[in-house]
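Q: Got a sequence here, can you model it:
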Amino acid sequence: MGETTYSVEIVVPEDADSEQAGETVEVRVNEDDYVLAAARSQDVWLAADCRQGWCTTCAAELLEGEVDQSDAKRYFESDEEADMILPCTAKPRSDLKIRAFQYEEMLEHRAENDNPPGDSKLN
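A: This is a model prediction of the structure:
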């Protein structure tokens, strides 16, 4: 029996540093693959630095669906409660819709919850 594959809609904000700025793109992601890696393999560029769930560079807002973030090095319960995800270590558990390029929003969220921001070349 094969792996389950999910549809992931990625909303790219107008102001994103991406060729897909202002678009919504769809990628297919196997249940055991990370959203970021799958998107990049399908020519959808998403920001990333550490690719370990540590730096928050890849932060996104989960608009619909469920993900498994258990591989993230630094992911807090408050992140999950705020529907913030780290696509570099997010495995889909359903079809998803996410808003990418939410790094600044993640920094604000973490500061409001007294959680460390991460450690990226950007901060």
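Q: Could you give the separation of the helix ranked longest in the chain from the chain centroid?
A: As assigned by DSSP state H, the longest helix anywhere in the chain is helix 103-112. Between the mean C-alpha point of helix 103-112 and the mean C-alpha point of its chain there is a distance of 14 Å (CA atoms, centre = their mean, to the nearest Å).
Q: average pLDDT across it?
A: Helix 103-112 carries an average pLDDT of 93.
Q: Tell me where the chain has helices.
A: Ranges of helices within the chain are 35-41, 77-81, 103-112, based on DSSP H.
Q: Under the pLDDT cut-off, which ranges of this protein? List them.
A: Low-confidence segments of the chain, defined by pLDDT under 70, are located at 1-2, 118-123.
Q: So for it, the centremost residue is which one?
A: Nearest to the geometric centre of the chain sits residue 87, at 2.7 Å (CA atoms, centre = their mean).
Q: close enough to count as contact, that one and residue 38?
A: No: under the criterion of CB atoms under 8 Å, residue 87 lies out of contact with residue 38, with a separation of 9.1 Å. The way it works is simple: take the backbone N, C-alpha and C, and place the C-beta from them, glycine included.
Q: about what we covered before: just say which of the helices of the chain is most tucked in.
A: Most buried of the helices of the chain, by mean neighbour count (mean count of other CB atoms under 10 Å): helix 35-41, with a mean of 20.
Q: and that one, what other elements does it pack with?
A: strand 5-11, strand 24-30 (3 or more CB pairs under 8 Å, 6 or more residues apart in numbering; DSSP states H and E).
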